[in-house]
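> Structure, please.
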Amino acid sequence: SIFQDRYQQYPMILVPSLYDALSAVATGTADAAVGNIAVVSYVIRARGLTNLRLAAPFQDEREIQLAVRNDWPELTGILQAGLDSISSEQIDAFQQQWMSVETQRGFDPRTVWQVALVAVLALLVVGSTVTYVLRRMRREIEYRRISEARIEGAQKLLREVTDRIPNGAVYQLCRLKDGRFKTNFVSDGVLEVAGVTRSAVLKDYRVIFESIHPEDRSGILAAIERSAETMTPYNLEYRVLTKDGKTEWMRGSAVPRPGPDGSVIWNGYTTQISDLKKVEAEIRAAQALVHEVTDAIPGGVYRFRLGDNGAIEILFANTGIDHLLGLDPGVKELEFTDVLKQMEPDDARATIYDIRESALTMETAQRDVRIRLPSGEQRWVHAAAMPMREAGGGIVWNGYALDITERKQMEADLAAAKEQAETANRAKSEFLANMSHEIRTPMNAIIGLSMLALRTDLDKRQRDYVSKVHNAGTALLGIINDILDFSKIEAG
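The predicted model follows:
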């Protein structure tokens, strides 16, 4: 087409090969043939077309060009960059040395062959150099292809993993050196948790920020700034407004690292926790109900667990426990060690022993202990706890505590009154025993002498008197003996 455009006055004949073209010129069928100078020289010599000569170049402007295979398009840019780096002086020198040929009618074929041979050698040298470069570039391209394939595979795997995370999104946020933010990566889960598409977030990070509840935005910005300054992770709970008008709770956390250009990069994860917030609200309501019910019960109600390390953790205690200990309700979270400190030392040791023994026997642990209030007053408390084994194998105790100071005082008063009564009774018994002994001695004398008097000669009237004295004395002695025996029984 170039030949036709430039030499339209000459008719052009198309033939299958350069040999056919040269044969047509040799036989006179055609006036001239156009072809590659090196190939033309080779065909003339190989086919013995000695009546042909190189007449003139087809065109004065010659360009150095390299072609690549269709399946190696990556080489185009690389080779073009190499050609562009060659100066015009180097191109002229190369053409003068390897591509210039003296052409004239009647030129010696051997001269043409010599020129062609030099050109072929030059092409071989250039071809060898290019082949070496191409092989080296092919290895580099193949390595790049493998690396890109691995990177693409890793990115695909990352995408598949992160896009399948339920109720959550993985992201990489970058704060540039000038303070601007951009999103380097975000999973498709952002659509589910925030109602915006991944492409929209990658294009402009502000679309996700605009979905955050206005009351939570300043707190998030402050947390991000602190994280950037201290290079510590941030953990946030915030609300987002969805397109359908709903408010959803989110929890986000990210770990920062410095970028090579002065930027800060966060790799993070955000998940929807609206259901969790609902459950937490239900738990708080249930706990409030438990506190309301248990606070109306006289005394204290509690629950504690014995840990694997032997430490006792209080899981629940109503305000009644604070009142028993003389503490202000809700001022401080109650620790079991604080309770032990307010006990008398021997009561504290006994309580620990009871709990460990209860863990072995799974029987109720109970004890009356003395509590020293912050005011210095001592109070008696009765505590009882029933053990229960948890599903995981641990043991928890549910128990109660009552202030029994008044009962203890009544028991002490009763014991004192009993002791006084027993003392008085013993004194009475001792008195009766002593008195019975003192009375029985003269009574024996009266009974004995009256009995002797009855054995003497007495008139009827005297005998009657002495007999009555003897009988009365005998009866009185029997009564005294009975009193003495009863007093001994009471005295033990």
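> Now do the helices in the stretch 151-300 of the chain.
189-194, 198-203, 206-210, 214-230, 274-295 (DSSP state H, counting those that start in this stretch).
> Check what contacts the longest one and list those residues.
This points to helix 274-295. 248-249, 301, 316, 318-320 (Cβ atoms under 8 Å, 6 or more residues apart in numbering). For glycine as for every other residue, the C-beta is placed from the backbone atoms N, C-alpha and C.
> Partner strands of whatever helix or strand comes next after it and their direction?
Using DSSP states H and E, the next helix or strand after helix 274-295 towards the C-terminus is strand 300-306. When pairing is defined by DSSP bridges, strand 300-306 lines up against strand 312-317 (antiparallel), strand 395-403 (antiparallel).
> can you give me the angle strand 300-306 makes with helix 274-295?
Put simply, strand 300-306 runs at 130 degrees to helix 274-295, going by axes from the mean of the first three to the mean of the last three Cα atoms, to 10 degrees.
> hang on, the earlier thing: can I get the strands paired with strand 300-306 in CSV with distance to Ile224 and mean neighbour count?
Below are the strands paired with strand 300-306 laid out as CSV (distance: least, Cβ to Cβ, whole Å; neighbours: other Cβ atoms under 10 Å):
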stretch, distance to Ile224, mean neighbour count
strand 312-317, 36, 16
strand 395-403, 42, 18
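> in the stretch 251-400 of the chain, what spans have low per-residue confidence?
Scanning the stretch 251-400 of the chain with the threshold set as pLDDT under 70 gives 293-294, 296, 330-331.
> Would you map the helices across the stretch 301-450 of the chain?
Under the criterion DSSP H, counting those that start in this stretch, helices of the stretch 301-450 of the chain are mapped to 319-325, 336-342, 345-361, 405-454.
> among those helices, which is the most enclosed?
Among the helices of the stretch 301-450 of the chain, helix 319-325 has the highest mean neighbour count (mean count of other Cβ atoms under 10 Å), at a mean of 19.
> Mind giving me the packing neighbours of that one?
Packed against helix 319-325 by the contact rule (3 or more Cβ pairs under 8 Å, 6 or more residues apart in numbering; DSSP states H and E) you find helix 274-295, strand 300-306, helix 336-342, strand 395-403.
> okay, these in TSV with distance to Leu454 next?
Formatted as TSV, these follow (distance: least, Cβ to Cβ, whole Å):
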stretch	distance to Leu454
helix 274-295	87
strand 300-306	82
helix 336-342	82
strand 395-403	75
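> out of the ones you listed, which comes closest to Ile446?
Nearest to Ile446, of all those, is strand 395-403, at 65.3 Å by Cβ to Cβ.
> Show me how far the closest one is from its chain's centre.
Once both centres are worked out by Cα atoms, centre = their mean, to the nearest Å, strand 395-403 turns out to sit 33 Å from its chain's centre.
> so how far is the helix or strand hosting Asn481 from its chain's centroid?
Per DSSP H and E: Asn481 is located in helix 460-491. Taking Cα atoms, centre = their mean, the mean C-alpha location of helix 460-491 is offset from the chain mean by 99 Å.
> Tell me the helices and strands packed up against it.
Helix 460-491 packs on helix 405-454, going by 3+ Cβ pairs under 8 Å, 6+ apart.
> Which strands or helices does the helix it packs on pack on?
So helix 405-454, by 3+ Cβ pairs under 8 Å, 6+ apart, packs with strand 378-389, helix 460-491.
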